[in-house]
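Participant: My questions concern the predicted model and sequence given below.
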Amino acid sequence: MREYYIRREGDEDASGPFDIDQISSLIEANKLDASAYFYDIETESWLPISSNQELMETLFPKKRKLSLRTEESEAEKKRLAEEEAAKAAAAKAAADAAAKAEGQTETGEPGETAEESNSKEAASEQPAKPEQKNEGKKGKKKKADKSDERQKLEVTKMLALAEGRADDPSGKSPREKQAAVAFFGLRFLTVFFIASILAMAWIEKDLILTADAIAMAKSPYLLVAVFDLVITVTLLLQVTEVYPLLRFRAAVGAGLLTMLYYSSGDTILLISNLLLMGAIYFSSAIIKIRFLIACGITGLLGILGYAYVFFL
C-alpha cells in the first residue's frame with residue numbers, strides 16, 4: 001500500500017509516512033483536512049490534498065465513514081468464525097452418535113445397551129465444562145481488552161506524529177512551542193535595546209549634560225539611541241510587526257558603530273557591539289528554543305563588554 005508524508009499549512013516539519021487508512025483516521029479525528037499537503041514522489045513537490053482527485057475520492061467520500069482496521073481485530077474475527085465452525089461440527093457428531101446408538105439397539109449388539117453406547121458417544125463428544133467455558137471467556141475478554149488498548153495507543157501515537165510530537169505524544173504542538181519561543185525572544189530583544197540605549201547615552205553623557213540640542217542632533221550615538229528608544233516602546237507594546245525593522249537596525253548598527261569604534265581604536269567596544277547586534281538580528285528570526293538561548297548568551301556577553309569598558 002502506498003504511503004504518504006503529510007504537512008499541514010504553517011507547520012515546519014512533515015509527519016509520516018502514513019497509509020490511506022491512517023490518513024483517513026486523522027481526518028475523522030479533525031487533525032487533517034483537504035488543505036493539508038502531501039509529498040508527491042512523481043513531481044517531487046508538496047501538493048495540497050484537494051488538488052489530487054484520487055485522494056479526494058478516497059479520503060473524502062460522500063456519506064462514508066472510514067474506521068481504523070488493525071491486524072488484531074481481523075485475527076479476532078477469524079478466531080470466532082473457527083470456534084463457531086467447531087461447535088457446529090461437535091453438534092453434528094453428537095447427532096451422528098445418537099443415530100448410531102439407535103441402530104445398535106435394533107440389531108441387539110451383545111454386552112452393550114443403547115444407553116451405554118449413547119453415553120460413550122456422548123462422553124467422547126462432551127463439550128467443555130462450565131469452568132473451562134468461563135476460563136475461555138475470561139481469556140477472550142483479556143485479549144480483546146489488550147487489543148483495544150493497543151489500538152488506542154496506535155491511534156494516539158499516529159495523532160502525535162501528525163502534530164509533530166513523535167517523541168512526546170502528550171507534549172506541545174509545534175505552534176505552541178513556536179509561540180513560547182517568540183514570547184522569550186521578545187523579552188530578550190527588549191533587554192538588548194535597553195542596553196543599547198544606555199550604552200549610547202553613556203558614550204555621550206558629557207554632551208547630554210550640556211543640553212545642547214543642536215550638538216546632540218549631530219551625534220550618531222544619540223541618533224541611534226533615539227531610534228532604539230522608539231523600537232523599545234513598540235516592543236513593550238508587543239508589536240511584533242517591527243521585527244523586519246529590528247533586523248535592519250541590527251545590520252546598520254553592526255556596520256556604522258563598528259566603523260566608529262574601529263576609528264576610535266576601542267577593540268572591546270567593537271566586539272561588544274558585534275555580539276549585541278548579532279543577538280538582536282537572530283533573536284527576531286529564529287524559532288528554536290536552543291538557538292534562542294544561544295542568542296541570549298551572545299547578547300549578554302555584548303552587554304558585559306560594554307559594562308567592562310564603562311565601569312572597569
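Facilitator: Yep, it's here.

Participant: Quick check: residue 202 vs residue 236, distance?
Facilitator: 21 Å (CB to CB, to the nearest Å). Quick note: C-beta positions are derived from backbone N, CA and C, even for glycine.

Participant: next one: residue 298
Facilitator: 22 Å.

Participant: quick one, which of these two is more surrounded?
Facilitator: The neighbour count for residue 298 versus residue 236, taken as other CB atoms under 10 Å, is higher for residue 298 (19 against 12).

Participant: Enumerate every residue touching the more buried one.
Facilitator: 275, 278-279 (CB atoms under 8 Å, 6 or more residues apart in numbering).

Participant: Sort out which one of those residues lies nearest residue 195 for me.
Facilitator: For the contacts of residue 298, the closest approach to residue 195 (CB to CB) belongs to residue 279, at 10.1 Å.

Participant: Now the closest one: which helix or strand?
Facilitator: helix 267-283 (DSSP states H and E).

Participant: How far away from the center of its chain is that helix?
Facilitator: 34 Å (CA atoms, centre = their mean, to the nearest Å).

Participant: Against which helices or strands is that helix packed?
Facilitator: With contacts taken as 3 or more CB pairs under 8 Å, 6 or more residues apart in numbering; DSSP states H and E, helix 267-283 sits against helix 174-203, helix 243-264, helix 289-311.

Participant: what sits up against the second one?
Facilitator: Taking contacts as CB under 8 Å, 6+ apart, the residues outside helix 243-264 that touch it are 189, 196, 220-221, 224, 227-228, 231, 267, 269-270, 273-274, 277-278, 280-281, 284-285.

Participant: re the thing from before, can you say which of the helices and strands packed on helix 267-283 is packed in most?
Facilitator: Mean neighbour count (mean count of other CB atoms under 10 Å) peaks for helix 174-203 among the helices and strands packed on helix 267-283, with a mean of 18.

Participant: Check the offset of it from the chain's centre.
Facilitator: 27 Å.

Participant: Could you list the buried residues of whichever helix or strand comes after that helix?
Facilitator: Downstream of helix 174-203, the first helix or strand assigned by DSSP H and E is helix 205-210. Neighbour counts over helix 205-210 (16 or more other CB atoms under 10 Å) mark 207-208 as buried.

Participant: Which element is encountered next along the chain beyond helix 205-210?
Facilitator: helix 213-218.

Participant: buried sites along that next one?
Facilitator: residue 216.

Participant: pLDDT of whichever helix or strand comes after it, averaged?
Facilitator: Next helix or strand after helix 213-218 toward the C-terminus (DSSP H and E): helix 220-236. Here helix 220-236 scores 92 as its mean pLDDT.

Participant: Repeat that for stretch 202-217.
Facilitator: Averaging pLDDT along stretch 202-217 gives 90.

Participant: per-domain residue ranges of this structure.
Facilitator: 4-59, 71-162, 174-311 (automatic domain parsing).

Participant: Lowest average pLDDT across the ones you listed?
Facilitator: Minimum mean pLDDT among those: domain 71-162, a mean of 60.

Participant: With distance to residue 31 as extra columns, can I get the helices and strands packed on helix 267-283 in JSON lines?
Facilitator: Formatted as JSON lines, these follow (distance: least, CB to CB, whole Å):
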{"stretch": "helix 174-203", "distance to residue 31": "13"}
{"stretch": "helix 243-264", "distance to residue 31": "30"}
{"stretch": "helix 289-311", "distance to residue 31": "24"}
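
Participant: residues contacting the nearest residue to residue 14 once chain neighbours are set aside?
Facilitator: With sequence-adjacent residues excluded and distances taken as CB to CB, 6 or more residues apart in numbering, residue 14 is closest to residue 7, at 4.2 Å. Residue 7 is in contact with 13-15, 36-39, 46, counting by CB under 8 Å, 6+ apart.

Participant: top helix in the chain by residue count?
Facilitator: If you go by DSSP state H, the chain has its longest helix at helix 71-107.

Participant: how many other residues sit next to the spatially closest residue to residue 48 that is not a sequence neighbour?
Facilitator: Nearest residue to residue 48 in three dimensions, chain neighbours excluded: residue 37, at 5.6 Å (CB to CB, 6+ apart). Residue 37: 20 surrounding residues under other CB under 10 Å.
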